[in-house]
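Participant: What would the 3D arrangement of this be:
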Amino acid sequence: MKLSAIKQVFTILISLFWAFPIFGQAYKIKIEIKEAAGLNAQLAYYQGDSKYVKQSAKFAKNNIAIFEGTEKLPTGIYFITVGNIGYFDLLIRSEQNFSISTDTIDFIKSIKIKDSKENSLFFAYQSKVLAFKTKLAEYESAIKRLGTESDSVKLLEQKKNKLNEELNQFVDKTKIENPDSYLTKILSAMDVQDVDKFNFADEELLLTPFFHNFIRLFIKKNIEKGPAFIIQETAKFLSAAKSSQANYQYIANYLLNFYNTFYKVGMNEVFVYIADNYFLPDKANWFTGKDLEQIKVRRDFLAQSMPGKPAQDLTLKSSSGEYISLLQVKSKYTLLFFWATGCGHCTTATKILKENYQSLVSKGIEIYAVNIDKNEEEWHKKIEENELSWINCIDQDEISNYRDKYYVYGSPLLYVIDSDKKIIAVNNGEVEIENAVLQLLK
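Facilitator: Predicted coordinates:
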């Protein structure tokens, strides 16, 4: 399946943020690092699950590199890379004209900040936390080395727990004493346990390493539920972020891309919903007409197997050896049933269909079953063992392209097709399939 169009759209998203003009005071960040003369330097930022370079520079003979621009930088967590030696983070908010001096031996321990209270607090915090973490690592190493329930281990565990408490108290104290600082906002956001309580509309959190992780947590929380539920939660999610244009655009683009490439039954419906309600025909003014056309092409492709669309033909090899066309089946309704021989849920769904088959036939309903496995011998064996008398077909080499035509990325899967050969329902899982059968029998 070709996905290049949407992948290109996501690439546009990454560079999109810097396309927004941000008027205000220019930035100038002076970096002086002992013994860094001649080394390359980069000012970079976090967005999504990646890092992007904003500006490159080189340390002069006096060990100084300067990053400056005519537009104010968006608030976020940035970092400075120093040759191949390493990097260190810094905070960008309202203070955008400041200097940093340090040493290549240890960036954090040697650092000095001028004209930035935010970064003075940030580096002091990092230095203290690093000391805590170093000591905790020593305790962990000693406990692992001893490896027994000795008194020494118990004492070390007590010391480790006490130090963890002190670390937590230090973090809490930092937040209490600096309530309006950017560091406190970051620490508070990272403390959020319930993804529903994370503020996705806060633009000051967009350029941070964890903003993207919370989007992933939102997806993970809902992904195992049906497409209708995912669509409902997605609508609420995007509505909550809409007050921040930059955040809203990032989230909308990410979700569109995610559901474009996450192959699971029903995810095509989620993609089509997002495309229709947030992008097409002209709802995403941050994209060009060409970009939106690419989204539309993909949208139409994934929508072809949704209810209301004409069923696409499959002419497949049947268990008798002849080739049978789906659209040539003469019936009031046709149940297009995708199943796998080694699937327990498929076994249950097959049993449900078999128990009701004669009743279905009496109402003018036929079953066209497509096995999605490669083993024809096992397929024949299953048909004989279970005495499956409906139309049984297989496409071992997937020549018919049935997976794309009917978005088959899981089984059991049942399409209900009416006499006009139009899809009227899609059901996945044995419970949904049983409900569909009972509804048809009524």
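
Participant: just checking, Lys28 touches Gln96?
Facilitator: Yes: if you go by C-beta atoms under 8 Å, Lys28 and Gln96 touch, sitting 7.3 Å apart. Any C-beta I mention is one placed from the backbone N, CA and C, and that applies to glycine too.

Participant: Near Ala60, how many other residues are there?
Facilitator: When counting by other C-beta atoms under 10 Å, one arrives at 13 neighbours for Ala60.

Participant: So it, which state does it fall into?
Facilitator: Under DSSP: H, G, I helix; E, B strand; the rest coil, the three-state class of Ala60 is coil.

Participant: Tell me which residues touch it, please.
Facilitator: Ala37 (C-beta atoms under 8 Å, 6 or more residues apart in numbering).

Participant: Try it again at 10 Å.
Facilitator: By C-beta atoms under 10 Å, 6 or more residues apart in numbering, the contact list for Ala60 reads Glu32, Ala36, Ala37, Gly38, Ile66.

Participant: Looking at those, state which has the most neighbours.
Facilitator: Ala36 (23 neighbours).

Participant: could you say which helix or strand contains that residue?
Facilitator: Under the criterion of DSSP states H and E, Ala36 resides outside all helices and strands.

Participant: nearest spatial neighbour of it, skipping sequence neighbours?
Facilitator: Sequence neighbours aside, Phe59 is the residue nearest to Ala36 in space, at 4.3 Å (criterion: C-beta to C-beta, 6 or more residues apart in numbering).

Participant: what's around the one you found, how many residues?
Facilitator: Neighbour count of Phe59, defined by other C-beta under 10 Å: 21.

Participant: Just to check, it is in contact with Gln42?
Facilitator: No: applying C-beta atoms under 10 Å as the test, Phe59 and Gln42 come out as separate, 11.5 Å apart.

Participant: Looking only at neighbour counts, state which of Lys28 and Gln96 leads.
Facilitator: Shown here are Lys28 and Gln96; by other C-beta under 10 Å, Gln96 has more neighbours (19 against 13).

Participant: mind listing what the nearest residue to the more buried one once chain neighbours are set aside touches?
Facilitator: Nearest non-adjacent residue to Gln96, counting by C-beta to C-beta, 6+ apart: Tyr27, 3.9 Å away. Neighbouring residues of Tyr27 by C-beta under 10 Å, 6+ apart: 43, 54-55, 67-73, 92, 95-98.

Participant: and what of Ala201?
Facilitator: Ala201 touches Ser239, Ala240, Ala241, Lys242, Ser243, Ser244, Asn247, Tyr248, Ile251, counting by C-beta under 10 Å, 6+ apart.

Participant: what do you get if the cut-off is 6 Å, keeping everything else the same?
Facilitator: With contact taken as C-beta atoms under 6 Å, 6 or more residues apart in numbering, Ala201 is in contact with Ala241, Ser243, Ser244, Asn247.

Participant: Let's have the residues you listed in CSV, adding pLDDT and neighbour count.
Facilitator: What follows is these, written out as CSV (pLDDT from 0 to 100; neighbours: other C-beta atoms under 10 Å):
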residue, pLDDT, neighbour count
Ala241, 94, 22
Ser243, 93, 12
Ser244, 93, 19
Asn247, 94, 22
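
Participant: Make JSON lines out of those and add distance to Ile85 and secondary structure.
Facilitator: Shown next, in JSON lines, are the contacts of Ala201 (distance: C-beta to C-beta, whole Å; DSSP: H, G, I helix; E, B strand; the rest coil):
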{"residue": "Ala241", "distance to Ile85": "38", "secondary structure": "helix"}
{"residue": "Ser243", "distance to Ile85": "41", "secondary structure": "coil"}
{"residue": "Ser244", "distance to Ile85": "36", "secondary structure": "coil"}
{"residue": "Asn247", "distance to Ile85": "34", "secondary structure": "helix"}
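
Participant: Tell me which two in those residues are the farthest apart.
Facilitator: Ser243 and Asn247 (8.4 Å; C-beta to C-beta).
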